[in-house]
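# starting from these lines, generate the structure:
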Amino acid sequence: MKLKLVINVFAVLTLATFTGCFSTNQSSVSYGINGSAEVGSFAHNDNLRQNNDQMDTLEENGFQPSRYGDTEEDSIQCVRNLSLYMEYYRQNNYELAYEPWKKAITICPKATQNLYIHGSRILRHRFNEVDDPDKEDALVDSLMWLHDKRIKHFDREGFVLGRKGVDLYTLAPDENIQKIFDLTDRSIDLEEEESRVDVIVVNMQTGSRLARAGVKDDVKVFDIYDRAIKILEHNIEHNPEEASRYEQSKSQIESMFRPFYKCEVLIEAFQPRFDASPDSLELLEQITSMMDEADCTDEELFYYATLNLHNKRPTASSAMRMGRLETEKNNYRQAVDYYKEAIDLFDKEEDHEQLYRVYILKTEILYRELGQYVQARESALKASEIKPDEGRPYFLIGEMYAETSEDLGDCEFTKRVGYWAAVDKFIKAREVDSDPDFEDRVTEYIDTYRQYFPDLESIFFQGYEEGDTYKVEGWINETTRVRAR
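Here you go, the predicted model:
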């Protein structure tokens, strides 16, 4: 009997392939949701799950149909309908492919995986053609059943669950958000870095919708986002020919997560991970990057993550960031130490802008917070060497001179001579800097501090005349010109 069955199948296949004996005229297929049967007693509606209830029950009880059906007649009908639907399918005529495909999937569901691949497209096309909610529901249920059968007969559970979730999201999203999320979530768990892009995007879309509805908390959305980004970045790196597609999806995911970019969410998500792995470079980079972007830099977690990252892998940028964080904590000496470290780590030939900025930051702390004027002046002059067309370094030195002038003298005259040196620096600042706003500001300072010069009577009393040179003592220790207010 087996030999006879094989011969008959081979004969039918051969006949179908080489002689085209099966008619492909529309009249050979009863088409439509209520069309008449051509194979045995075949229930005709669009819900394949209902059509196949009896077979499903048999399979659940241990019955396993053969690849082309259980009888010789089944095998002939199987091959006939496979050939028939394929002929229409190749012509993109999904309407006429539907009936013979439906018969084939019922008679011989294990014949070929193409039954499921092609069937998904046929059912989606049919869904788009109908305009009846009941028929739409039946077709969606049929498509879900089809995916389940594909898993049963051909495995690939992770991949197929992803297709099932995406199809359900496309055809009937509003009533099935939780189910779609569960399907895509399970798919990604199984497929991991092989997950399809659309599955990842749908998973994020449904997860964020569930969070907005109060079904999931925001930290769960972060977990969904975090997993998605890691998968996409892996594929961007390892699949360069598809990198643009993954980049586009990454942008979508980041946009969807934007409403959840809140400090409390990031802290709740990252704190347990940080406590468990405080020295993980990958984690530290992620914490500092995301919390910086979310403007959470004043949080303790950000401080300690940045500190650990700097200790594990010190860079000029990380030293500069630590300097700022220590400044915000009023730890000024530590801040200066970090700025010194940043200066040592920066490339003196390439990082001019950053070097200038760190020298200015260091100058500000040494001057305003620590009162170390000599060191502050040295730092400012270093900044002016890097960017000689910037007036700010000289302006800062002028401020220091003006602020300390009266502390350097022992009489009314000597208390005022420091203002000469201060105005010299303001004038120098105005000369080198072409910014008109800066020039206006410096001019105001010049006009203000000229009022603090000694008067002409005091100058004559001390034995000087306007235009004479004068050596300002103390930490200023500079030669200037005598001028009256």
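# hmm, residue 380 and residue 394 touching each other?
Yes. Counting by CB atoms under 8 Å, residue 394 does reach residue 380; the two are 7.4 Å apart. Using the backbone N, CA and C atoms, a C-beta is placed for each residue, glycine as well.
# more neighbours: which of the two?
Ranked by neighbour count (other CB atoms under 10 Å), residue 394 and residue 380 place residue 380 first, with 27 against 24.
# got the phi and psi for residue 481?
Residue 481 adopts backbone torsions of phi -110, psi 150, taken as degrees, to the nearest 10.
# mind starting the numbering at 26 from now?
I'll keep to 26 as the first residue from here, and by that count the last item is residue 506.
# hang on, it packs against residue 496?
No. If you go by CB under 8 Å, residue 506 and residue 496 don't touch, sitting 11.3 Å apart.
# among the two, which residue is more densely surrounded?
Higher neighbour count among residue 506 and residue 496: residue 506, with 13 against 10, using other CB under 10 Å.
# buried set for stretch 365-376?
Buried positions in stretch 365-376, judged by neighbour count with 16 or more other CB atoms under 10 Å: 366-368, 370-371, 376.
# now tabulate the residues you listed in a markdown table and tack on secondary structure and distance to residue 275.
Listed next are those as a markdown table, based on DSSP: H, G, I helix; E, B strand; the rest coil; distance: CB to CB, whole Å:
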| residue | secondary structure | distance to residue 275 |
| --- | --- | --- |
| 366 | helix | 34 |
| 367 | helix | 31 |
| 368 | helix | 36 |
| 370 | helix | 31 |
| 371 | coil | 31 |
| 376 | coil | 29 |
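# would you turn those residues into CSV with pLDDT and distance to residue 460?
Output for the buried residues of stretch 365-376, formatted as CSV (pLDDT from 0 to 100; distance: CB to CB, whole Å):
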residue, pLDDT, distance to residue 460
366, 97, 31
367, 96, 26
368, 96, 25
370, 95, 30
371, 92, 25
376, 88, 22
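# wait, which of these is closest to residue 269?
residue 376 (31.6 Å; CB to CB).
# give me the number of residues near the closest residue to that closest one other than its chain neighbours?
Residue nearest to residue 376 in three dimensions, not counting chain neighbours: residue 341, with 6.9 Å by CB to CB, 6 or more residues apart in numbering. Residue 341 has 18 neighbours, counted by other CB under 10 Å.
# hmm, residue 375 and residue 341 touching each other?
No. With contact defined as CB under 8 Å, residue 341 does not count as touching residue 375 (10.5 Å).
# circling back: and the buried residues of stretch 365-376, which two are furthest apart?
Across these, the longest distance by CB to CB is 13.9 Å; it joins 366 and 376.
# just send the buried residues of stretch 365-376 back as JSON lines, with distance to residue 173 too.
Converted to JSON lines, the buried residues of stretch 365-376 look like this (distance: CB to CB, whole Å):
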{"residue": "366", "distance to residue 173": "61"}
{"residue": "367", "distance to residue 173": "60"}
{"residue": "368", "distance to residue 173": "65"}
{"residue": "370", "distance to residue 173": "59"}
{"residue": "371", "distance to residue 173": "61"}
{"residue": "376", "distance to residue 173": "60"}
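# now stretch 423-442 - C-alpha only, PDB.
Coordinates of each C-alpha in stretch 423-442 appear next as PDB, following Å, rounded to 0.1, in the frame of the first residue of the first chain:
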ATOM      1  CA  GLY A 423      41.600  92.400  36.000                       C
ATOM      2  CA  GLU A 424      38.800  91.400  38.300                       C
ATOM      3  CA  MET A 425      41.300  89.800  40.700                       C
ATOM      4  CA  TYR A 426      43.500  92.900  40.700                       C
ATOM      5  CA  ALA A 427      40.500  95.200  41.400                       C
ATOM      6  CA  GLU A 428      39.200  92.900  44.100                       C
ATOM      7  CA  THR A 429      42.500  92.800  46.100                       C
ATOM      8  CA  SER A 430      43.900  96.300  45.400                       C
ATOM      9  CA  GLU A 431      42.900  97.800  48.700                       C
ATOM     10  CA  ASP A 432      44.300  94.800  50.600                       C
ATOM     11  CA  LEU A 433      47.800  95.500  49.300                       C
ATOM     12  CA  GLY A 434      48.400  99.000  50.500                       C
ATOM     13  CA  ASP A 435      49.000 100.600  53.800                       C
ATOM     14  CA  CYS A 436      47.700 104.100  53.000                       C
ATOM     15  CA  GLU A 437      45.100 105.700  50.800                       C
ATOM     16  CA  PHE A 438      47.400 106.100  47.900                       C
ATOM     17  CA  THR A 439      48.900 102.500  47.900                       C
ATOM     18  CA  LYS A 440      45.400 101.000  48.400                       C
ATOM     19  CA  ARG A 441      44.400 102.500  45.000                       C
ATOM     20  CA  VAL A 442      47.400 101.700  42.800                       C
END
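# tell me the pLDDT of residue 375.
For residue 375, the pLDDT comes out at 83.
# quick one, phi psi at it?
Backbone torsions of residue 375, given as degrees, to the nearest 10, read phi -110, psi -40.
# ok, it to residue 353 distance?
Remark: distance between residue 375 and residue 353 (CB to CB, to the nearest Å) = 28 Å.
# which helix or strand in the chain has the lowest average pLDDT?
helix 27-43 (a mean of 39; mean pLDDT, DSSP states H and E).
# list the contacts of the residue positioned nearest the centre of the chain.
Centroid-nearest residue in the chain, with CA atoms, centre = their mean: residue 279, separated by 4.2 Å. Listed by CB atoms under 8 Å, 6 or more residues apart in numbering, the contact partners of residue 279 are residue 254.
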